[in-house]
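Engineer: pasting the structure only:
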């Protein structure tokens, strides 16, 4: 099923392990090079920045090619929908054929060209079928699920894996939505159970030898499942979705059936994840749990103004700094399998950190009109004549 | 790590006994590093605390409490700077390592609370009068000084955004296009000036070997601001757009040499994208100023141009990828 040469994928994995061992100072550079020479791959995988460039440029090429055909065929206004549909599906097929050619003959593997072709192929076919036929949301979810699953299996693409998992949840959502009141009432619980099953599926499948080419996809499917469990049971999501789809609470301020249960889910699940993550030493569970702590704060604050936001920020900030301070000191020497020291195979990138600081931190003066150069009324240079 | 692979390599004699022992030890240790999680926590803590303080000050204006708040912010800032001066490693023209994991964040706390303090002084007491520039000039100087004195890349990038803001320009990644009105010629010239200034700073950093690791931050901000301002100038001063295109080509040429010298794929991507936009604009202008302009042929030619040029750019990227890897 998978489009890539399995032997090369395995070799890729070995080389990654060697790089890891080298970064952790376990093996020397010479050992790494000698060992890597035994595991050659013929894939074309450029640097990540080149990949980004190739994605953008490929999308431009496909877009303008489509534009030319659209100009040629869609100019006469009769039956424009059908023509556009045929053109889209035709382009989708062409993109897919090109994708197979690049992967099969040109040995592209995560090169950017294959990413762009994959997105455009599925996008065109999806758009074409929707233009041609009157498809409802349920059928569309099934369509997306089918295409994304196929692409995941064939190209081991991580984005497609996530899309497939989300589409599966959408299928459940839209089929239960049709079932009337019973369906609506059990909807959040069913979605939570299915999400949990998705998570356990990814965990179990990850151990199967045949799934070794899909490890990264499975790990992302697992994350989708964990987030799915939380957001299917989150009070805010359940309440607002009930209003948007079913007009459930008729007056604003009304609670929803089983409101207390959803509050329990909202607050308990992140702590459960963190606890479970520490117990199992599972970094994904731990990180998702920490991330979802923010979701608790936002959900609670949306309905209850317990504290003014600035007080909450100051208390929260102090608390987080204190927790981090205590834990860093506590874990300076490894305890119970945890350490606060940096892993050498995951070094920090100070340049990215610096950009994040510049982007997110407060305290940057707003740029005001009238303080620009050339205006002559700013005070910094001391040369202008207004004061 | 997959121990089987290394067992096999060890049996083949490619990995020495000592290395294999290290790998086995690493494997049996099975340590989980929460370094990143804790650092993120620290960072978020600093961010929340300073944002909260910044808000509370303005909300308590005219109440008795606000001077207490102001004093505590000043105290927080002074305390942080005192801690940093006490614990810092000796100044070095090279990269100076932080003495511990908290140092960077305490410095951040000090700088941010200092900025809040200055901003509030100006707001409430008009300390700097109508010289608004001074109210952002002083924090900028303090930030640049702290960045060099304590060796902190994050503070340096804050100093750079403050420098640009002082000149009237927003330069952080998400704000550079959203918040600047590139239809005004003064913004464009400010951008060009700041861009050139930062690139000169990058070159000087490289030449003098003072804090060489600051070079990327300067030149990254500089290159992006300069290229965006230059493109904006091309679109704005239409009459002489070819001149601006030549200027852009010059920048791209400079960046190209830099990328080759530093084996940087990132700069190759930048110059390709900015160059592609500039060239596309020139070709479209030429097409529509030409006899084809009123014809469908012009549109078709434009489409074909975009396809052909993108294919050309792909070929360029692929060959650069190969060349830089081989360097």
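Structural biologist: Cool, the structure landed. All values derive from a computational prediction rather than experimental measurement. Numbering: from 1, shown residues only, chains lettered A, B, ... in the order given.

Engineer: When you work out contacts or count neighbours from here on, use the C-alpha atoms and nothing else.
Structural biologist: Noted.

Engineer: Flag the shaky bits of the stretch 51-200 of chain A, pLDDT-wise.
Structural biologist: Applying pLDDT under 70 to the stretch 51-200 of chain A flags residues A:75-77.

Engineer: can you rerun that using 50?
Structural biologist: Counting by pLDDT under 50, the stretch 51-200 of chain A contains no low-confidence residues.

Engineer: got the residues of it near chain B?
Structural biologist: A:52-54, A:57-58, A:60-62, A:64-65, A:67-68 (CA under 8 Å from any CA of the partner chain).

Engineer: Rebuild the residues you listed as TSV, extending it with neighbour count, secondary structure and distance to residue A:181.
Structural biologist: What follows is those, written out as TSV (neighbours: other CA atoms under 10 Å in any protein chain shown; DSSP: H, G, I helix; E, B strand; the rest coil; distance: CA to CA, whole Å):
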residue	neighbour count	secondary structure	distance to residue A:181
A:52	19	helix	47
A:53	23	helix	50
A:54	27	helix	49
A:57	26	helix	49
A:58	23	helix	47
A:60	18	helix	47
A:61	19	helix	49
A:62	18	helix	46
A:64	19	helix	48
A:65	17	helix	49
A:67	15	helix	47
A:68	18	helix	50
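
Engineer: and the nearest residue to residue B:171 once chain neighbours are set aside, how far is that from residue B:154?
Structural biologist: Nearest in space to residue B:171, with sequence neighbours left out and distances taken as CA to CA, 6 or more residues apart in numbering or on different chains, is residue B:161 at 5.9 Å. Residue B:161 is 11 Å from residue B:154, where distance means CA to CA, to the nearest Å.

Engineer: cool, residue B:136 as well?
Structural biologist: Plainly put, residue B:136 is 18 Å away from residue B:154 if you go by CA to CA.

Engineer: residues contacting the nearest residue to residue B:260 once chain neighbours are set aside?
Structural biologist: Closest residue to residue B:260 apart from its sequence neighbours, by CA to CA, 6+ apart: residue B:324 at 6.6 Å. Contacts of residue B:324 were listed using CA atoms under 8 Å, 6 or more residues apart in numbering or on different chains, and they are B:260, B:263-265.

Engineer: Highest neighbour count among these?
Structural biologist: Neighbour counts for those peak at residue B:265, which has 21 neighbours (criterion: other CA atoms under 10 Å in any protein chain shown).

Engineer: Tell me which helix or strand the closest residue in space to it that isn't next to it in sequence sits in.
Structural biologist: When the adjacent residues along the chain are set aside, residue B:265 lies closest to residue A:49, with 5.9 Å between them (CA to CA, 6+ apart). Following DSSP states H and E, one finds residue A:49 within helix A:48-73.

Engineer: ok, residue B:309 to residue A:94 distance?
Structural biologist: Residue B:309 sits at a distance of 21 Å from residue A:94 (criterion: CA to CA).

Engineer: burial of residue 128, as a residue count?
Structural biologist: The chain I'm using is chain A. 23.

Engineer: nope, chain B
Structural biologist: Counted with other CA under 10 Å, residues neighbouring residue B:128 total 15.

Engineer: Report the contact partners of the spatially closest residue to residue B:16 that is not a sequence neighbour.
Structural biologist: Computed as CA to CA, 6+ apart, the closest residue to residue B:16 that is not its neighbour in sequence is residue B:10, at 6.6 Å. Residue B:10 makes contact with B:16-17, B:20 under the criterion CA under 8 Å, 6+ apart.
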